[in-house]
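Peer 1: quick one, what's the 3D model for this:
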Amino acid sequence: MQSNNRAFLKRPYFVACVLSFGGSSALGWVPEGHRAVALIAEKNLKPETLQTVKALLRPYDMLAAVSVWADDIREEHSETGPRHYIDIPLSASSTDMNRDCQEGSCVVGKIQEFESALKNNTADPALRRDALKFLLHFVGDMHHPLHCEDNGDKGGQHSPSGFLWTADEPSHGGGRRYPA
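Peer 2: Okay, here's the model as predicted:
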């Protein structure tokens, strides 16, 4: 299955956005980038959907409050690491899910999986809550420029440039902030 997901790279506003981050100290994506995506999502949800989402996320009342949860649990759940990105070769002109997301264990595959789990109203509420938290986070990850290309750096995590990502960001320090 192939699709051309790189058309957005040609859009002027995408280029302007990337360039605006290029000169920064690279502290802008985690957790602030995820919180920004969550705030935009929350603002654009229908009132009845927002009510359902907030009920599922109790005791948290804002999407931004759980938007970095998936990063917070990565150390304890290392199997979730590859779920945060998709390795599309730099030389490829399109996405090939068989090549880029084997067995659905990438951000695109997991978004589809968690979307299905979230839609299942008969599923365990804890499973649906976690699916929502992962889905919220992974949609943000899809907008991280290095999380959708393979440069041998696992979604930009081992990038020497540190572009939009730093492991030593003070506000993202270790330790879980949310109950399991």
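
Peer 1: quick one: low-confidence ranges for the protein?
Peer 2: For the chain, residues meeting the criterion pLDDT under 70 lie at 1-30, 146-180.

Peer 1: now do the helices in it.
Peer 2: Along the chain, the segments classed as helices by DSSP state H run 12-22, 32-44, 47-57, 69-72, 97-100, 107-119, 125-142.

Peer 1: could I get the CA-only coordinates of the third one as CSV?
Peer 2: These are the backbone C-alpha positions of helix 47-57, laid out as CSV (Å, rounded to 0.1, in the frame of the first residue of the first chain):
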residue,chain,number,x,y,z
PRO,A,47,-19.1,20.0,22.5
GLU,A,48,-20.6,16.5,22.9
THR,A,49,-17.4,14.9,21.8
LEU,A,50,-15.4,17.0,24.2
GLN,A,51,-17.7,16.0,27.0
THR,A,52,-17.1,12.3,26.2
VAL,A,53,-13.4,12.8,26.0
LYS,A,54,-13.2,14.6,29.3
ALA,A,55,-15.3,11.9,31.0
LEU,A,56,-12.9,9.3,29.6
LEU,A,57,-9.8,11.2,30.9
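
Peer 1: and stretch 39-53, what's buried?
Peer 2: Residues of stretch 39-53 classed as buried: Ala41, Glu42, Val53 (neighbour count, 16 or more other CB atoms under 10 Å). Using the backbone N, CA and C atoms, a C-beta is placed for each residue, glycine as well.

Peer 1: possible to save the helices of the chain as TSV with distance to Leu90?
Peer 2: Converted to TSV, the helices of the chain look like this (distance: least, CB to CB, whole Å):
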stretch	distance to Leu90
helix 12-22	15
helix 32-44	22
helix 47-57	36
helix 69-72	25
helix 97-100	12
helix 107-119	17
helix 125-142	17
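
Peer 1: of those helices, which is nearest Leu63?
Peer 2: helix 32-44 (3.8 Å; CB to CB).

Peer 1: helices and strands around that closest one, which ones?
Peer 2: When contacts are defined as 3 or more CB pairs under 8 Å, 6 or more residues apart in numbering; DSSP states H and E, helix 32-44 sits against helix 125-142.

Peer 1: how much space between the residue nearest to Glu113 when sequence neighbours are not counted and Pro59?
Peer 2: In this structure, Glu113 finds its nearest non-sequential neighbour in Gly104, 6.4 Å apart by CB to CB, 6 or more residues apart in numbering. Relative to Pro59, Gly104 is positioned 32 Å away (CB to CB, to the nearest Å).

Peer 1: so which bits of stretch 71-80 are buried?
Peer 2: Neighbour counts over stretch 71-80 (16+ other CB under 10 Å) mark Asp71, Asp72, Ile73, Thr80 as buried.
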